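Visitor: This is a predicted model, with the sequence first.
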Amino acid sequence: MRVILNILAISFILGWILGFFVFSAGFLIHIFLILAIFALIINFLSEPV
C-alpha cells in the first residue's frame, strides 16, 4: 500500500510541475498538488510506529 501511495504522490507532483511550467491548465494543476500532499500525508500516517 505504501508503494502505491508513493507512486501516486510522485506522479501527482510530476503532473503538477509539468502542468505548471509546460502547459497552461489553470486550476486543474493545483488539484494535482493537493492530491499529492494528501497521498503523502496518508503514507506517513499509515507508517507503523
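Guide: Alright, I've got the coordinates.

Visitor: which regions of the chain lie under the pLDDT threshold?
Guide: Within the chain, the ranges that satisfy pLDDT under 70 run 1, 20-26, 29, 47-49.

Visitor: Enumerate every residue touching the residue most central in space within it.
Guide: Centroid-nearest residue in the chain: Ala36, 1.8 Å away (criterion: Cα atoms, centre = their mean). Listed by Cβ atoms under 8 Å, 6 or more residues apart in numbering, the contact partners of Ala36 are Leu8, Ala9, Ile10, Phe12, Ile13, Trp16. In this view, the C-beta of every residue, glycine as well, is placed from N, C-alpha and C.

Visitor: How about it, nearest residue that isn't a chain neighbour?
Guide: In this structure, Ala36 finds its nearest non-sequential neighbour in Phe12, 3.5 Å apart by Cβ to Cβ, 6 or more residues apart in numbering.

Visitor: so the one you found touches Leu33, yeah?
Guide: Yes: at 7.1 Å, Phe12 counts as touching Leu33 under the criterion of Cβ atoms under 8 Å.

Visitor: higher neighbour count, the two?
Guide: Phe12 (20 against 16; other Cβ atoms under 10 Å).

Visitor: Please identify which helix or strand holds that one.
Guide: Assessed by DSSP states H and E, Phe12 sits inside helix 2-21.

Visitor: Does the nearest residue to Ile13 once chain neighbours are set aside lie in a helix or a strand, and which?
Guide: Spatially, and ignoring its direct neighbours in sequence, Ile13 is nearest to Ala36 (4.6 Å; Cβ to Cβ, 6+ apart). Here Ala36 sits within helix 27-45, counting by DSSP H and E.
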